[in-house]
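Participant: below are the sequence and a predicted model for it; my questions follow.
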Amino acid sequence: MALEDFAAEMDRCSQCSYCKWIPFDHVKSWRFAKNCPSVSYYNFNSYSARGRYAVARSLLHGDSGVSETVRNIAFTCMTCGSCDVSCKICRYNLEPLEMVRELKFKLVEDGQGLEAHRAAIAALHTEPRSSDRSKAGRGDWANGLDVRRLPSEKTEVLFHAGCRSSFDRNVQPTARAAVQLLKEAGVEIGILGDREACCGGRVYSMGYRDEFVRLARANIAAWAEAGVKTVMTSCADGYHAFKRLYPPLGSQVEVLHTVQVLDRLIREGRLTLRSTVPMTVTYHDPCHLGRQGEPYVPWNGVEKKIKAQIVVYEPKRPRNNGAWGVYDPPRNVLRSIPGLELVEMERTREYSWCCGAGGGVREAYPEFSQWTASERIAEAKASGAQAIVSACPWCERNFIDSLAATGERMQVFDVVDLVRKAV
């Protein structure tokens, strides 16, 4: 698609501001009622989905040009998709998330991308990873695990560690624990090691569509060569990329997140949790595992108007409102741990607040990114939890960095970490 394909939506946006809040019937307090980090932080309408529709319309019709302000408005969007959910539930079936992505794509194609993002993209031309380490050591995180290395060894189930887990020592233990748990439960898996490429999800959210396609095709080709039929990952970014962005490029593999597999193994009795973990925790839904973790059904029908004003779609247009993301498996796993109490934050499931790491914001707007994480930590503390638990290394690292910057105290875990304690 292109930005021009959203021209009708730009006209149809009623500027109602529902995109700035979680649905009102789910609001539990004024303090945690907002859903859009950028408009909450910058406190100006243009930084909301409503405002971005207006900015995109102005650019499309030639009423304004690209300025530093316009670029900031576009690239401070974390593409968390919360506005998209609220628009579909409260008002119209518009696609603000897809529109903002197209806005970023257009700016990048026109040479208006951000320097902070260009540096990361430039590295991908020589080393296919979105971190600051050489690809040569990408498989080192699994040293000593006795795991199969593809494609020289064969297995139909691949564990994709991802960039963060491959190189960040703060979250590497989670990837190792995931592999150990799977092997102990009798799941035979393999890794690509140094041949593993970045999933491309973060590249896509920064506006670099061509780079994403290049990385995706490299992974799809590597999977085909190795005979992979199922891809598992403990990274929400990777899950989203493989589940929603790869199929249009020809990927046909089954995609599973580690929490889905652990949930099944526990229910089947293949993984027994014996040790008590006396702790009160709250679970943070990663955007890419939650509301953007549901299968995306694109619509390619015809839009018509009845009596020049009532809009109808033929065939009926689906509502991808985030309700079918991966919400229950991580909670099932946590509730299975002896001694552990799970309490919920006010904004949960498809209405969750973003961790602040997505959309290229962590790379280009670090203060805003950390503020967003600190807001989520404040909400976690208000729940009475001792620790915040998630299922994405990017979320966890952003929480860790925010806590270090603010001096606040709270424990951060991955679901896998707590399961490992309980086995």
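Facilitator: Perfect, I can see it now.
Participant: ok, R101 to M78 distance?
Facilitator: Counting by CB to CB, to the nearest Å, the gap between R101 and M78 amounts to 12 Å. Every C-beta, even on glycine, is put in place using the N, C-alpha and C of the backbone.
Participant: swap that for A422, sorry
Facilitator: Remark: distance between A422 and M78 (CB to CB) = 33 Å.
Participant: repeat that for Q172.
Facilitator: Going from Q172 to M78 by CB to CB gives 25 Å.
Participant: the two: which has the busier surroundings?
Facilitator: Comparing Q172 with M78 by other CB atoms under 10 Å, the one with more neighbours is M78, at 26 against 18.
Participant: show me what contacts that one?
Facilitator: Neighbour list for M78: 37-38, 205, 287, 354, 356-359, 361, 372 [criterion: CB atoms under 8 Å, 6 or more residues apart in numbering].
Participant: 7 Å - rerun?
Facilitator: 37, 354, 356, 358-359, 361 (CB atoms under 7 Å, 6 or more residues apart in numbering).
Participant: same question for G113.
Facilitator: Here G113 is in contact with 107, 207 (CB under 7 Å, 6+ apart).
Participant: roughly how far apart are it and F242?
Facilitator: According to CB to CB, G113 and F242 sit 25 Å apart.
Participant: tell me if I'm right that V312 and I306 touch.
Facilitator: Yes - V312 sits in contact with I306 when judged by CB atoms under 7 Å, with a separation of 6.0 Å.
Participant: those two: who's more crowded?
Facilitator: Using other CB under 10 Å, the more surrounded residue of V312 and I306 is V312, with 12 against 8.
Participant: ok, what's across the strand from that one?
Facilitator: Per DSSP bridges, the residues bridged to V312 are K304.
Participant: angles on the backbone of W371, please.
Facilitator: W371 adopts backbone torsions of phi -60, psi -40, taken as degrees, to the nearest 10.
Participant: skipping its backbone neighbours, what lies nearest it in space?
Facilitator: Y41 (5.7 Å; CB to CB, 6 or more residues apart in numbering).
Participant: tell me which other helices or strands the helix or strand hosting that neighbour touches.
Facilitator: Element membership of Y41 [criterion: DSSP states H and E] is helix 37-42. Secondary-structure packing of helix 37-42 (3 or more CB pairs under 7 Å, 6 or more residues apart in numbering; DSSP states H and E): helix 366-382.
Participant: contacts for the helix it packs on, please.
Facilitator: Outside helix 366-382, the residues touching it (CB under 7 Å, 6+ apart) are 32, 37, 41, 76, 282, 284, 345-347, 353-357, 361-362, 388, 398-399, 401-403, 405-406, 408, 410.
Participant: next helix or strand past it?
Facilitator: Next along the chain after helix 366-382, taking DSSP H and E as the criterion, comes strand 387-390.
Participant: output the contacting helices and strands for whichever helix or strand comes after that next one.
Facilitator: The element immediately downstream of strand 387-390 (helix or strand, assigned by DSSP H and E) is helix 393-406. For helix 393-406, the elements it packs on are helix 163-167, helix 366-382, strand 411-414, judged by 3+ CB pairs under 7 Å, 6+ apart.
Participant: could you redo those as CSV and give each row distance to M10 and mean neighbour count?
Facilitator: Listed next are the helices and strands packed on helix 393-406 as CSV, based on distance: least, CB to CB, whole Å; neighbours: other CB atoms under 10 Å:
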stretch, distance to M10, mean neighbour count
helix 163-167, 35, 26
helix 366-382, 25, 20
strand 411-414, 40, 21
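Participant: so what's C395 up against?
Facilitator: Residues in contact with C395, defined by CB under 7 Å, 6+ apart, are 284, 286, 355, 357.
Participant: how near is the spatially most central residue of the chain to A49?
Facilitator: In the chain, the centroid-proximal residue (CA atoms, centre = their mean) is H288; its distance is 2.6 Å. Between H288 and A49 the computed distance is 18 Å (CB to CB).
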